[in-house]
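Enquirer: sequence and predicted structure below; questions after.
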Amino acid sequence: MMPTNIPHIKVLESPISAVNMTTACEHIFEALRNKRKGYICVTGVHGVNEAFDHADFLEVLGGAYLVTPDGMPMVWLGWLNGQKQMDRVYGPDLMLEVCRQSVEKGFTHFFYGGAPGVADLLKIKLTTLFPGLQVVGTYCPPYRALNAVELEDLQQQVTAVKPDMIWVGLGTPKQERFVASHLSLLDTTLLCGVGAAFDFHTNRVKQAPRWMQRSGLEWLYRTIQEPRRLFGRYFRGNSLFLWRLFLGLKPKHLSTSTSTTSPTPNPIHHEQ
């Protein structure tokens, strides 16, 4: 569950931490220093839609240490709700920044996910980019849930190296469910799902130009790259998200109060 000292807003009932890259990293390293176990979700429109449709996924987000605003719509809604300090904490960028700072701070990392060989390649890429970075292990899972033997193998590998942080690249919503359900099973402090970061940082998938990332158009760039896989997610998902906001988000809903009597969830409100 989010610490009470980290403010957050709720978008269609999903909690989104009111953080930026600087404050997100501060909270992460505070947890690592204090050995405070938890998991981190990086969430945008796709994740909010998933949580709107699936109560168990909403519970996963609600149990997170941080739910960072992965997409610009979350940031814009935060700004509308008075959280001017909010800025995009994009999963791939968060991974780079935490790894960069970990060189000096001495925290260790473990990569879980990706296609065969990708986690190992990611280790090479990031330890080359950040000399001194300690990536103490990698694991490439099958395209399904781990069976008992595989889980035991993973646990043994993790226990042997005790990484401070495990980065998970399985895609939403699979990775969020994984970090929530495996937090108590793995000998680590933090787990964080970062999805496409594994492919981006190994140059398997090209990232959108920074101006598109900052203008909320990254979804269009990625859809052009992978239309068969992403057309439905983005065009249908974005339209559904906007429609749901339209149904409930009106100026009066930008109040900081929380209604418990309205039959329609307040689509966005702020909590401390």
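Expert: Perfect, I can see it now. Numbering: from 1, shown residues only.
Enquirer: what about residue 88, which SS state?
Expert: Three-state call for residue 88 (DSSP: H, G, I helix; E, B strand; the rest coil): coil.
Enquirer: separation between the nearest residue to it once chain neighbours are set aside and residue 43?
Expert: Once flanking residues are discounted, residue 88 sits nearest to residue 75: 5.2 Å by Cβ to Cβ, 6 or more residues apart in numbering. Every residue, glycine included, has its C-beta placed from N, CA and C. Counting by Cβ to Cβ, to the nearest Å, the gap from residue 75 to residue 43 is 12 Å.
Enquirer: partner residues bridging residue 113?
Expert: residue 169 (DSSP bridges).
Enquirer: circling back to that earlier point, so what's the residue count around the residue nearest to residue 88?
Expert: 22 (other Cβ atoms under 10 Å).
Enquirer: list the contacts of it.
Expert: Each residue near residue 75 by Cβ atoms under 8 Å, 6 or more residues apart in numbering is listed here: 69, 86, 87, 88.
Enquirer: overlap of the contact sets of residue 75 and residue 43?
Expert: Residues touching both residue 75 and residue 43 (Cβ under 8 Å, 6+ apart): residue 69.
Enquirer: need the pLDDT of the residue nearest to residue 88.
Expert: Confidence at residue 75, expressed as pLDDT, is 96.
Enquirer: SS state for it?
Expert: Put simply, residue 75 is helix when judged by three-state DSSP.
Enquirer: how near is it to residue 141?
Expert: From residue 75 across to residue 141, the span is 32 Å (Cβ to Cβ).
Enquirer: how near is residue 44 to residue 123?
Expert: Distance from residue 44 to residue 123, counting by Cβ to Cβ: 26 Å.
Enquirer: pick out whichever of these two has more residues nearby.
Expert: Applying other Cβ under 10 Å to residue 44 and residue 123 shows that residue 44 carries more neighbours, namely 27 against 19.
Enquirer: my read is that that one contacts residue 73, right?
Expert: Yes - at 6.9 Å, residue 44 counts as touching residue 73 under the criterion of Cβ atoms under 8 Å.
Enquirer: where in the stretch 1-150 of the chain is pLDDT low?
Expert: Under the criterion of pLDDT under 70, the regions of the stretch 1-150 of the chain flagged as low confidence span 1.
Enquirer: can you do 80?
Expert: 1-5 (pLDDT under 80).
Enquirer: gap between residue 127 and residue 101?
Expert: Distance from residue 127 to residue 101, by Cβ to Cβ: 15 Å.
Enquirer: and residue 25, what helix or strand is that in?
Expert: Here residue 25 sits within helix 21-33, counting by DSSP states H and E.
Enquirer: over to residue 79?
Expert: Applying DSSP H and E as the criterion places residue 79 in helix 72-80.
Enquirer: buried residues, that helix. List them.
Expert: Going by neighbour count (16 or more other Cβ atoms under 10 Å), the buried part of helix 72-80 is 72, 73, 74, 75, 77, 78.
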